[in-house]
Structures are given as structure tokens and as C-alpha cells.
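In: One predicted model, sequence on top.
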Amino acid sequence: MEVSLITSIALATIVFLLYKLTTRSSPTSTKKRLPEPWRLPLIGHMHHLIGTLPHRGVMDLARKHGSLMHMKLGEVSAIVVSSPKWAKEILTTYDIPFANRPPSLTGEIVAYHNTDIVLAPYGEYWRQLRKICTLELLSVKKVKSFQSIREEECWNLVQEIKDLGSGRPVNLSENIFKLIATVMSRAAFGRGIKDQKKFTELVKEILRLSGGFDIADIYPSKPFLERLSGKRGKLNVIRNTLDDLIGNLISEHKRQQVNNNTDHGNKNETLLDVLLRIKETNEFPLTDDNIKAIILDMFGAGTDTSSATVEWAISELLRCPRAMEKLQAELRQAFNGKERIKDDDVQNLTYLNLVVRETLRLHPPLPLVIPHECREPINVAGYDVASNTKLIVNVFAINRDPEYWKDAETFNPERFENSSTIVMGADYEYLPFGAGRRMCPGAALGLANVQLPLAHIMYYFQWKLPNGASNDQLDMTEVFGASVQRKNELVLVPSF
Ligand code: HEM
């Protein structure tokens with residue numbers, strides 16, 4: 001992040017000089033303006049984010065300048081929301097005007113001209129895709145239908161760790177990501193795919209390139225910067241490779257459907273089956289490219305988010321022995337005498353659920369959600385907001401707002417004991433899945449993909465840091481991309 005910011009600022013200076021040579025300054029506006037930090041010409045407020053991670057930098061700025069603040073990121077104007085009060089106001093009263101997504105290079109290239117769900121502009125096409133998500137792809141019934149896949153893959157991970165032997169370090173980051181990517185592959189295509197490693201690496205690379213703070217994002221009107229930064233070229237290469245990979249899977253699927261005369265609508269339909277059925281029955285016009293874009297969304301939105309949550313949960317538990325013991329006691333009592341843990345068994349485990357909620361409070365994988373964009377000029381609390389203004393909801397700051405959360409920085413699952421909050425707080429004080437029309441439609445699947453792996457990892461093994469380091473020395477440094485991950489992989493030593 002730091003390198004990309006510094007590169008952005010260096011390139012911005014060049015653009016600034018060119019700009020100065022070719023433009024005259026405009027008269028100062030007299031309109032009421034939102035509070036903002038001091039800014040520099042052309043780069044705006046980007047310099048405030050040097051040496052920090054965007055969600056933390058923006059939180060610190062908001063604590064000084066206000067929880068509804070304006071920021072200029074290069075040439076992009078953004079309104080930044082950092083408190084439950086403003087999140088509620090904006091995501092209810094102004095939800096529709098802000099329901100758009102800003103155009104992005106990722107959307108143009110990798111999402112086949114924004115024909116996925118995540119980046120699709122607000123409108124009829126997006127509405128239809130949301131309906132397909134709610135009723136078909138990510139419905140409770142569908143999430144349940146992937147139960148045996150989750151159980152098998154979790155069990156495989158337990159066996160792999162056992163095969164390595166007690167006391168041998170395990171790279172949990174790698175293994176958890178692989179587990180969730182395999183679950184998603186099997187859910188999407190019915191099996192783990194041949195090129196799975198390559199596929200998931202490419203999806204990870206897209207996410208890494210889509211943080212929203214690099215030079216191409218902050219100067220959208222200067223397309224030559226996309227080339228100069230190499231982003232356009234990289235995304236094109238990734239898209240072409242993924243296009244071949246998913247294209248082949250679609251062709252294979254179509255062949256199998258003809259051979260097997262597949263019974264449409266059966267309970268084991270994969271995500272790809274569902275989309276091909278919708279296409280074939282003309283329920284909603286979808287092209288193969290649309291299907292590729294939607295499938296990529298399921299991976300992009302569904303793998304990193306869940307795997308990061310499992311990793312952060314383990315990290316927090318390691319540093320909080322009291323919570324770790326309590327969770328393991330709950331699991332051992334619930335599964336005493338059972339060889340295998342079933343998906344249904346974990347749904348009602350109180351403390352496991354509290355741990356997951358508290359992890360998502362402190363470590364929302366998408367701390368600045370996915371940027372929204374204003375569709376029309378509006379007035380928010382007396383401030384004029386121009387169309388195309390970006391909306392950044394700093395969920396990271398909201399989830400840690402000291403006005404709402406006692407000891408906000410402390411990992412304390414018990415704080416949710418008497419609360420009904422699961423996916424969002426009634427007062428918008430807890431928003432790991434966002435809120436409003438663009439809220440995450442995959443929360444049920446995301447939670448299921450977190451709970452079961454976490455239960456397995458905590459039930460079957462005791463964990464400690466390698467080389468005799470004490471658990472409270474675990475490094476918790478974050479790295480910012482499309483989602484916030486651990487900077488250093490989580491390598492731990494199991495005993496059993
Ligand atoms: C722990 C897991 C997850 C977390 C914390 C999470 C969080 C989020 C957040 C914060 C947003 C953006 C909301 C906004 O822009 O206001 C989002 C959007 C989205 N998520 Fe998730 N997500 C998770 C898992 C999943 C899964 C498993 C899927 C599907 C496989 C999924 C699919 C999506 C989609 C399609 C969108 C875009 C919705 C739209 O633009 O209409 N997510 N998610």
C-alpha cells in the first residue's frame with residue numbers, strides 16, 4: 001500500500017505540473033462545504049494516507065474533522081461516513097441516490113463491463129441479479145445444500161494437519177484459504193477445478209489490484225495512467241486467462257448436461273447449473289460473459305472475506321487465552337464422543353457465534369465496504385453533494401466507535417451476549433456486511449464458511465506460536481487490498 005501510494009503521489013506531481021501548464025484556476029465556490037482535512041492541489045488528501053492503511057488513516061482523519069467529512073482522492077471527490085449516526089442517515093434516507101458503484105478499471109475489464117453483481121450500476125440489470133442471488137445462488141436453501149461439501153473439506157483439513165504430525169508447524173493462512181476456495185469451487189462447478197491454484201491466485205491478484213487507492217483509480221479521467229501504472233495490462237492478462245478457464249468449464253458443463261439430460265432444479269444444482277438454467281429457460285437474458293462475471297464475483301466476494309475472518313478469529317483467540325479456553329470447552333462439551341462435526345451442530349453454539357461476531361467487529365474484511373457513487377446531485381444535511389461523488393462508509397471506524405462500544409479496541413466476545421445483532425446492528429453500530437440496497441447478499445454463506453472451519457480448527461487441536469514464542473507476541477499487522485488480511489501468514493504449531 002505504501003509503495004503504491006508513494007508511486008501515486010509521484011505520478012500525481014507530474015500530472016499536476018502538466019495540469020498547471022494547461023489550465024486556469026476557477027473562481028472559489030461560496031457553497032456550504034463539508035469539513036475536510038487540509039489538502040494539496042491535485043493530490044487532494046492523499047498525502048494524509050502515506051504510511052498508514054486507508055481504513056485507519058481515514059478513521060484518524062474523521063476523528064479530527066468529523067464523522068461526515070469530504071475527501072479529495074486525486075481528482076475523485078468522496079464523502080466519508082465514520083459514525084453509526086451518519087451511516088444510518090445515509091444508508092436509509094439517501095440509500096437510493098448512493099446505490100450506484102463508481103466505474104472502475106476492474107469492472108470494465110474483469111467484470112465484463114460491470115455485468116457482475118458487485119460492480120453493476122444500480123438499475124434493472126443489477127436488480128435482477130440481486131433477485132437471482134436472493135432466491136437462487138445465495139438462498140438459505142442453497143447455503144444448506146453445500147453443507148456436505150463444507151463438512152468434507154473441513155474434515156480433509158483436519159486429516160492433513162494430523163498427517164503432518166503433532167508439533168509440526170502448519171501454514172494456516174494457506175490452508176484456510178485453500179479450504180474455502182475448494183468449497184466455493186465445488187459449490188460453483190460441482191468439483192474442485194483442475195487449475196484451482198492458478199484460478200484462485202488470479203482472483204487474489206484481482207482483489208489486490210482493486211483496493212481503490214492507486215493512481216488509475218484516483219485519476220479516472222487520465223487513462224494514460226492506467227497504462228503507465230501497468231494496471232490495465234495486468235488486468236487484461238488476468239481476464240484472458242480466467243476467460244479461458246471459466247469458458248472451458250462452461251462448455252464442459254453444457255456437454256455434461258446434454259449427456260446426462262440433467263434434471264434442472266434438483267437440489268444439488270451448482271451455481272453454474274443455476275445460471276445456465278436461467279439462461280436456457282430465458283427467465284432472464286444472460287450471456288456466457290455475464291455468467292463468467294457472476295461466477296467470478298462468487299469467488300472474489302466469497303473467498304478472501306471468509307478466509308480472512310477465520311484467520312483473524314484464530315489470531316485473536318491466540319492472544320486471548322480466556323476466550324480460547326471458553327470456546328474449546330464449548331466445542332468439547334457439544335461434540336463429546338462424536339467423531340465428526342456436522343454443519344447443523346455448529347449453528348447453535350453460542351460462544352462460537354459470539355467469537356465470530358466479535359472478530360467481524362474488529363476485523364471487517366471490507367473495512368471501507370465497496371465504494372458507492374451518487375447518481376444525482378443531492379443535498380445531505382445542508383451540504384450539496386454532486387453526482388458521481390463517491391461514498392466511503394468506514395465500517396472499521398463504526399465498528400470501533402468508542403461512543404458505542406465500551407473498550408472498543410479489546411477483543412471481548414461476551415459483549416454480544418445479550419444482543420440480537422448478527423449481521424448488522426439496529427443502530428448501524430455494527431456493519432461488517434454493510435447495509436442498505438448494496439448490502440452483502442452472501443452473509444449466510446460467508447458465516448457458514450467461517451463457523452465450520454473455525455470449529456474444526458479449535459476442536460481438534462491446541463495451538464501455539466512456533467519457536468517457543470509466547471502467544472501474545474503474535475504479529476497482528478494488516479495489509480490493505482480489496483479486503484484486509486494479515487500481513488504475515490499465520491503459521492502455528494498444533495498439538496493433539
Ligand atoms: C465473512 C464474509 C463476508 C463479508 C464480511 C462480506 C462483506 C461484504 C460487504 C461489506 C459488502 C459491500 C456492501 C456495500 O457495498 O455496501 C459485500 C458485498 C457483496 N458480497 Fe459479501 N461478504 C462476505 C461474504 C460473501 C460471500 C460468501 C458472497 C457470495 C459468495 C458474497 C457476495 C457479495 C456480493 C455479490 C456483494 C455485492 C452486492 C451488491 O453490490 O449488490 N459475500 N460483502
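Out: Ah, there it is.
In: Can you name the element that comes right after the lowest-mean-pLDDT helix or strand in the chain?
Out: When the helices and strands of the chain are scored by mean pLDDT, DSSP states H and E, helix 2-22 comes last with a mean of 51. Later in the chain than helix 2-22, the nearest helix or strand by DSSP states H and E is helix 54-65.
In: That next one: how far from the chain's middle?
Out: The chain centroid and the centroid of helix 54-65 are separated by 20 Å under CA atoms, centre = their mean, to the nearest Å.
In: residues making contact with stretch 488-496?
Out: 161-162, 166-174, 311, 314-315, 318, 460-466, 475, 477 (CB atoms under 8 Å, 6 or more residues apart in numbering). Just so you know, the C-beta spots here come from the backbone N, C-alpha and C atoms, and that holds for glycine as well.
In: What is the neighbour count of the closest residue to the ligand within the chain?
Out: Nearest to the ligand, among the residues of the chain, is Gly442, at 2.2 Å (CB to the nearest ligand atom). By other CB atoms under 10 Å, 21 other residues sit near Gly442.
In: Please tell me how far it sits from Arg130.
Out: With the distance defined as CB to CB, to the nearest Å, Gly442 ends up 11 Å from Arg130.
In: quick one: average pLDDT of the helix or strand where Arg239 lies?
Out: Using DSSP H and E, Arg239 sits in helix 231-260. With pLDDT averaged residue by residue, helix 231-260 scores 88.
In: what comes up buried for that helix?
Out: Neighbour counts over helix 231-260 (16 or more other CB atoms under 10 Å) mark 231-232, 234-235, 238-239, 242-243, 245-246, 249-250, 253 as buried.
In: Stretch 483-496 too?
Out: Neighbour counts over stretch 483-496 (16+ other CB under 10 Å) mark 483-486, 490, 492-494 as buried.
In: need those residues in TSV with secondary structure and distance to Glu89, can you?
Out: Converted to TSV, the buried residues of stretch 483-496 look like this (DSSP: H, G, I helix; E, B strand; the rest coil; distance: CB to CB, whole Å):
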residue	secondary structure	distance to Glu89
Ser483	coil	26
Val484	strand	25
Gln485	strand	31
Arg486	strand	34
Leu490	coil	38
Leu492	strand	43
Val493	strand	48
Pro494	strand	47
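In: TSV please, covering these and showing pLDDT.
Out: Output for the buried residues of stretch 483-496, formatted as TSV (pLDDT from 0 to 100):
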residue	pLDDT
Ser483	86
Val484	93
Gln485	92
Arg486	95
Leu490	97
Leu492	97
Val493	97
Pro494	97
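In: need those residues in TSV with distance to the ligand, can you?
Out: TSV is the format used below for the buried residues of stretch 483-496 (distance: CB to the nearest ligand atom, whole Å):
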residue	distance to the ligand
Ser483	8
Val484	10
Gln485	13
Arg486	15
Leu490	17
Leu492	21
Val493	27
Pro494	24
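In: of those residues, closest to Leu275?
Out: Using CB to CB, Ser483 comes nearest to Leu275 of the buried residues of stretch 483-496, at 24.3 Å.
In: Please tell me I have it right and the closest one contacts Asp304.
Out: Yes - Ser483 sits in contact with Asp304 when judged by CB atoms under 8 Å, with a separation of 4.5 Å.
In: Can you check which residues contact both of these two?
Out: Common neighbours of Ser483 and Asp304, using CB under 8 Å, 6+ apart, are 207, 365.
In: ok so, going back, excluding sequence neighbours, find me the nearest residue to the residue of the chain closest to the ligand.
Out: With sequence-adjacent residues excluded and distances taken as CB to CB, 6 or more residues apart in numbering, Gly442 is closest to Leu138, at 5.1 Å.
In: Leu242 versus the one you found, what's the distance?
Out: Distance, Leu138 to Leu242, by CB to CB: 21 Å.
In: repeat for Ala308
Out: For Ala308 relative to Leu242 (CB to CB), the value is 22 Å.
In: How about Phe461?
Out: Using CB to CB, Phe461 is found at 35 Å from Leu242.
In: So which residues on the stretch 151-300 of the chain come close to the ligand?
Out: When proximity is defined as CB under 6 Å from any ligand atom, the stretch 151-300 of the chain approaches the ligand at 297-298.
In: quick one, helices of the stretch 151-300 of the chain?
Out: Assigned by DSSP state H, counting those that start in this stretch, the stretch 151-300 of the chain shows helices spanning 172-189, 196-208, 215-218, 224-228, 231-260, 271-280, 288-302.
In: and His113, helix, strand or coil?
Out: When classified by DSSP: H, G, I helix; E, B strand; the rest coil, His113 comes out as coil.
In: correct me, but it touches Ser104?
Out: No - the criterion here is CB under 8 Å, and His113 misses it with Ser104 at 11.2 Å.
In: So those two - more neighbours on which side?
Out: A direct count of neighbours by other CB under 10 Å for His113 and Ser104 places Ser104 higher, at 20 against 14.
In: Which residues are in contact with that one?
Out: Ser104 neighbours (CB under 8 Å, 6+ apart): 119, 210, 212, 217.
In: Quickly note the distance from the third one to Leu474.
Out: Here the distance between Gly212 and Leu474 works out to 29 Å (CB to CB).
In: So if I had to pick from these two, which one is more boxed in?
Out: Gly212 (21 against 18).
In: ok, now which ones touch that one?
Out: Contact analysis of Gly212 by CB under 8 Å, 6+ apart lists 54, 104, 368, 371, 482.
In: Go through these and flag which are in helices.
Out: Pro54 (DSSP state H).
In: which one is Ile246 nearest to, not counting chain neighbours?
Out: Sequence neighbours aside, Lys292 is the residue nearest to Ile246 in space, at 4.6 Å (criterion: CB to CB, 6+ apart).
In: what's near enough to touch that neighbour?
Out: The neighbours of Lys292, taking CB under 8 Å, 6+ apart as the test, are 112, 242-243, 246-247, 250.
In: any low-confidence regions in the stretch 1-150 of the chain?
Out: The stretch 1-150 of the chain contains residues with pLDDT under 70 at 1-30.
In: now swap in the stretch 251-400 of the chain and tell me
Out: Within the stretch 251-400 of the chain, the ranges that satisfy pLDDT under 70 run 258-267.
In: can you give me the strands for it?
Out: 372-373, 378-380, 383-385, 390-393 (DSSP state E, counting those that start in this stretch).
In: Could you list every helix and strand in contact with the longest one?
Out: Packed against strand 390-393 by the contact rule (3 or more CB pairs under 8 Å, 6 or more residues apart in numbering; DSSP states H and E) you find strand 76-81, helix 84-92, strand 372-373.
In: Apply 6 Å and report the result again.
Out: Counting contacts by 3 or more CB pairs under 6 Å, 6 or more residues apart in numbering; DSSP states H and E, strand 390-393 packs against strand 76-81.
In: Just the C-alphas of the strand it packs on, formatted as PDB.
Out: Only the C-alpha atoms of strand 76-81 are listed here, as PDB (Å, rounded to 0.1, in the frame of the first residue of the first chain):
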ATOM      1  CA  VAL A  76     -12.100  11.900  -7.100                       C
ATOM      2  CA  SER A  77     -14.500  13.600  -4.600                       C
ATOM      3  CA  ALA A  78     -15.700  11.400  -1.700                       C
ATOM      4  CA  ILE A  79     -18.000  11.700   1.200                       C
ATOM      5  CA  VAL A  80     -16.700   9.700   4.100                       C
ATOM      6  CA  VAL A  81     -19.100   8.300   6.800                       C
END
